[in-house]
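J.: Coordinates for the following, if possible.
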Amino acid sequence: MQGTEIEAESARPAGPTPGTVELEIRLLDKAYAHLRVRGAGALARLVASLATEGQQHAVIVVRRESGRHVLIDGYGRVEALVRLGRDTVMALVLGLGEIEALAHCHRMQSTGRRSALEEGWLVAELLEQGQRPAEIGASLGQSRSWLSRRLGLARALPTQATKAVRRGSIPAHGAMKSLVPLARANKAHCERLCERLGAARVSTRQLGLLYATWRAGDALCRERIVEEPLLLLKAKEASEHEQPAGLAGVLVRALESARTALLRAADEVVRAGMIEMAVLSAAPVERAFGRCTEAYEALVRHVQEPDAG
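T.: Modelled structure (predicted):
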C-alpha cells in the first residue's frame, strides 16, 4: 500500500535509478488502478515525503504494442506527484507482458504490502485475463487454497462495499472482518449499509461495532442500523464518553481496556486465519489462548461471585 511506498522512497539514494525513463503522467494508462486501495492518510504522508525528498523510487510500467505505457505498480506515487503539480514521473519499463508484470510485482513486494482484499482483486483480474488457477498460483508463488481464500474474500463483498474500500472510505481490514460476514449473511443489508455510510470514513472498530450490533439485533433493529449507521455510531460514541465517577469509573476503564485488548486480539486472529490457517493451531498460540480464557473466566467469577476467594 502507499505507506510502504513512503519507506521505499526514503530508503533509496537521491537521483534517477539506472535504466529508468521519465514519462509524462497524462500519457500513462492507469488500467489497474482498481486493484489498489486509496488511503487518504497514506497519500498525505507520501505527498509530504515526495515534496521534501523528491521521487527516489521508480514506478513500474510496461509498454504496449501501440507504444502506450501501462502503469503496473506505483499508483500512490503517481497520484502524489499529481497532487504536487508534477507533470512527469520516473519509471522503470519492464520487458514483460501486463499479466507477467502484475505477477512479478506481487512476488517482489514484501509481506504486508497488499491487503488480502487487494490480493483477491489481483487473482480475479488474472482470471478475467484468461489465466487458469494453476498458472496464477505458479506465477504468484502461492497455493491453490491461498487463491481460493483470496478470491472468496474479493467476491464476497458487494459492489458498494468494494467501491468504498477502493476509495479509502472503509479500511480493507475492517471490510474483511465485518463486511464480508455481513454480506454472506445478508448481502442487501451490506449494500445498504455502505450506501448510507456514503463518503464518511469509518474505522475498523466502528465497522466492528456496527456488525456486532446488527448481529445481536432483531429484524427491526437490523433495519434501523443499515438505514442510519452514522446515527448509531454517534449515539454509541456519546454513551462511551459518559464515564461514572469514583471506584465505578476505575472499574469501567479497566474493563474497557480489557475489551479493547480482546478486540485487537480477535482482529489479529482473523488476519492470521486469512493468511495462514495453520498458525492458529500452533502450540504458543494455543497456550496464549488458554491463558486468556482462564483470565476471562476468572473475571466472570469475580463479577458474578464477588465473595469467592
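
J.: ranges for the helices of the stretch 101-250 of the chain?
T.: Listed in chain order, the helices found in the stretch 101-250 of the chain under DSSP state H, counting those that start in this stretch are 116-128, 133-140, 144-156, 159-167, 172-174, 180-185, 187-197, 204-216, 219-227, 229-240, 246-275.

J.: Serialize those helices to JSON lines and add fields for mean pLDDT and mean neighbour count.
T.: C-betas here are computed from N, CA, C, even on glycine. Formatted as JSON lines, the helices of the stretch 101-250 of the chain follow (pLDDT from 0 to 100; neighbours: other CB atoms under 10 Å):
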{"stretch": "helix 116-128", "mean pLDDT": "94", "mean neighbour count": "21"}
{"stretch": "helix 133-140", "mean pLDDT": "93", "mean neighbour count": "16"}
{"stretch": "helix 144-156", "mean pLDDT": "93", "mean neighbour count": "18"}
{"stretch": "helix 159-167", "mean pLDDT": "93", "mean neighbour count": "19"}
{"stretch": "helix 172-174", "mean pLDDT": "91", "mean neighbour count": "20"}
{"stretch": "helix 180-185", "mean pLDDT": "94", "mean neighbour count": "18"}
{"stretch": "helix 187-197", "mean pLDDT": "95", "mean neighbour count": "19"}
{"stretch": "helix 204-216", "mean pLDDT": "93", "mean neighbour count": "18"}
{"stretch": "helix 219-227", "mean pLDDT": "94", "mean neighbour count": "15"}
{"stretch": "helix 229-240", "mean pLDDT": "83", "mean neighbour count": "14"}
{"stretch": "helix 246-275", "mean pLDDT": "77", "mean neighbour count": "13"}
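
J.: Among those helices, which comes closest to H69?
T.: helix 116-128 (18.6 Å; CB to CB).

J.: ok so, going back, dump the helices of the stretch 101-250 of the chain into CSV; add distance to S49 as well.
T.: Listed next are the helices of the stretch 101-250 of the chain as CSV, based on distance: least, CB to CB, whole Å:
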stretch, distance to S49
helix 116-128, 21
helix 133-140, 29
helix 144-156, 30
helix 159-167, 22
helix 172-174, 22
helix 180-185, 32
helix 187-197, 30
helix 204-216, 25
helix 219-227, 39
helix 229-240, 32
helix 246-275, 27
